[in-house]
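Peer 1: Could you work out the structure for the sequence below:
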Amino acid sequence: MASANPEQAWRELTTTSPGVVARVAQAEREFAVYQRRDGVFSRPSVLENAKNMEPAAWWGMYGKHLPLLSAIAPRVLAQAAAASAADRAQ
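Peer 2: Predicted structure coming up:
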C-alpha cells in the first residue's frame with residue numbers, strides 16, 4: 001500500500017510499481033512512434049532537422065508529439081557531457 005507521506009512515497013517506488021511500469025510503457029510507446037517514423041516523424045524534414053538543429057530547438061518544435069519524452073528531454077540535454085572512465089584514466 002502506498003504511503004500517505006509524500007517524503008516516504010518515493011522510497012516505495014520500484015521498477016515493478018504500477019505507476020512506474022505505466023510510465024515506462026508510455027515512454028517505450030513514444031520512442032516506438034519515433035523509431036517507426038509514424039505521424040509527423042514520417043516527414044523527411046523532421047528527420048533532417050533532427051540531424052541539423054540544436055537538440056533543445058528540435059524538442060521544442062516536435063516534442064509535443066512525444067509528451068512524456070519531451071518532459072524528460074530538457075533534463076537529459078541539460079546534463080554536462082563527461083568523458084568516459086577510460087578517457088579520464090589517460
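Peer 1: Can you tell me which helices and strands the helix ranked longest in the chain packs against?
Peer 2: When the chain is parsed with DSSP state H, its longest helix is helix 18-36. Contacts defined by 3 or more CB pairs under 8 Å, 6 or more residues apart in numbering; DSSP states H and E place helix 18-36 against helix 67-78. Every residue, glycine included, has its C-beta placed from N, CA and C.
Peer 1: Tell me how far the helix it packs on lies from the chain's centre.
Peer 2: Relative to its parent chain, helix 67-78 has a centroid offset of 5 Å by CA atoms, centre = their mean, to the nearest Å.
Peer 1: So for the residue nearest to the spatial centre of the chain, what pLDDT did the model give?
Peer 2: The residue lying closest to the centre of the chain (CA atoms, centre = their mean) is L69, at 3.5 Å. L69 is assigned 93 on the pLDDT scale.
Peer 1: residues contacting it?
Peer 2: Contact analysis of L69 by CB atoms under 8 Å, 6 or more residues apart in numbering lists 27, 30-31, 34, 63.
Peer 1: Confirm for me that Q26 is in contact with A71.
Peer 2: No - between Q26 and A71 there is no contact under CB atoms under 8 Å: 10.7 Å.
Peer 1: where does this protein dip in pLDDT?
Peer 2: 1-4, 10, 83-90 (pLDDT under 70).
Peer 1: Distance of A82 relative to R29?
Peer 2: 30 Å (CB to CB, to the nearest Å).
Peer 1: typed the wrong thing, it's E48
Peer 2: Separation of E48 from R29 (CB to CB): 24 Å.
Peer 1: where does T16 fall, helix, sheet strand or coil?
Peer 2: Secondary structure assignment for T16 (DSSP: H, G, I helix; E, B strand; the rest coil): coil.
Peer 1: burial count for it?
Peer 2: By the criterion of other CB atoms under 10 Å, T16 has 7 neighbours.
Peer 1: Distance of it relative to A22?
Peer 2: Going from T16 to A22 by CB to CB gives 11 Å.
Peer 1: again with E28
Peer 2: Note on E28: its distance to A22, by CB to CB, is 11 Å.
Peer 1: same check, this time on G39
Peer 2: To A22, G39 is 22 Å away according to CB to CB.
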